[in-house]
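J.: Generate coordinates for the sequence data below:
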Amino acid sequence: MKKYIPIIILALACLNSCFKESQEQGYIGSNIYLQGSDTLIVPIGQQVSTQKAWLDNSTKPVKFEITNIRDKFGNRKEEFFQTAPLTVWNVPYDHLTDTTRALIEAKLGSAVVSPIMINEVNGQIYTMPSTADCGLTAGDIFNVDVKMSNSKGSVEIPDYAVISFATGSSNDKFFIEDFVNGICVEYFDE
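T.: Below you'll find the predicted structure:
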């Protein structure tokens, strides 16, 4: 067996020299999709979010963007790309120090957002209360097409999400009696 070791080493060296290193960087998987249900059911005017995308081992970091939102006839719904103000927290709420309405309102601000958005990093889809201003009726269904980009390039993903709107309204009056906040941290392997 020892007399074959130099021959085996030579054979492995020859095989290794036959492989050419790829000059391309990165990888885009062929099976990228939004995790969770096939169809997201959203009450009109309500804020809802999906799970994140399955990247199929695509090289990170990635960037997602919505390219089109189509009705059942394939027509683009322009109202989903118009922006509207939304009340947001500018500073985190602290239940120990924020004891009056004035202190809480001082931490609130406004952001201008579209009715349907995507998290550029993880591919989550968000619907905002401004969907109530888009002329929707219960039962309307829309397909969301996205583009995912990374160091390899970009890929169009048609029908990344299907959104079915149900009865709802953002005009519902509510009173905040208790506040709960949390922080979500997502770690990426480098």
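J.: Below-threshold pLDDT in the chain: ranges please.
T.: 1-2, 6, 12-24, 169-190 (pLDDT under 70).
J.: where along it do the strands fall?
T.: With DSSP state E as the criterion, the chain has strands at 33-34, 39-43, 48-49, 53-54, 63-70, 84-89, 108-113, 116-118, 125-127, 141-150, 153-166.
J.: Can I get those in JSON lines including distance to His95?
T.: Heads up, the C-betas are built off the backbone N, CA and C, glycines and all. As requested, these are arranged in JSON lines below (distance: least, C-beta to C-beta, whole Å):
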{"stretch": "strand 33-34", "distance to His95": "34"}
{"stretch": "strand 39-43", "distance to His95": "29"}
{"stretch": "strand 48-49", "distance to His95": "24"}
{"stretch": "strand 53-54", "distance to His95": "34"}
{"stretch": "strand 63-70", "distance to His95": "34"}
{"stretch": "strand 84-89", "distance to His95": "13"}
{"stretch": "strand 108-113", "distance to His95": "15"}
{"stretch": "strand 116-118", "distance to His95": "29"}
{"stretch": "strand 125-127", "distance to His95": "26"}
{"stretch": "strand 141-150", "distance to His95": "37"}
{"stretch": "strand 153-166", "distance to His95": "33"}
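J.: mind checking which of the ones you listed is nearest Leu96?
T.: Ranking the strands of the chain by proximity to Leu96 (C-beta to C-beta) places strand 84-89 first, at 16.1 Å.
J.: Tell me which residues of the closest one come out buried.
T.: For strand 84-89, the neighbour count (16 or more other C-beta atoms under 10 Å) marks Ala84, Leu86 as buried.
J.: partners of it, with directions?
T.: strand 108-113 (antiparallel) (DSSP bridges).
J.: need the contact list for the closest residue to Asp56 other than its chain neighbours.
T.: If you skip the residues right next to it in sequence, Asp56 has Gly29 as its closest partner in space, 2.6 Å away by C-beta to C-beta, 6 or more residues apart in numbering. By C-beta atoms under 8 Å, 6 or more residues apart in numbering, Gly29 lies in contact with Leu55, Asp56, Asn57, Ser58.
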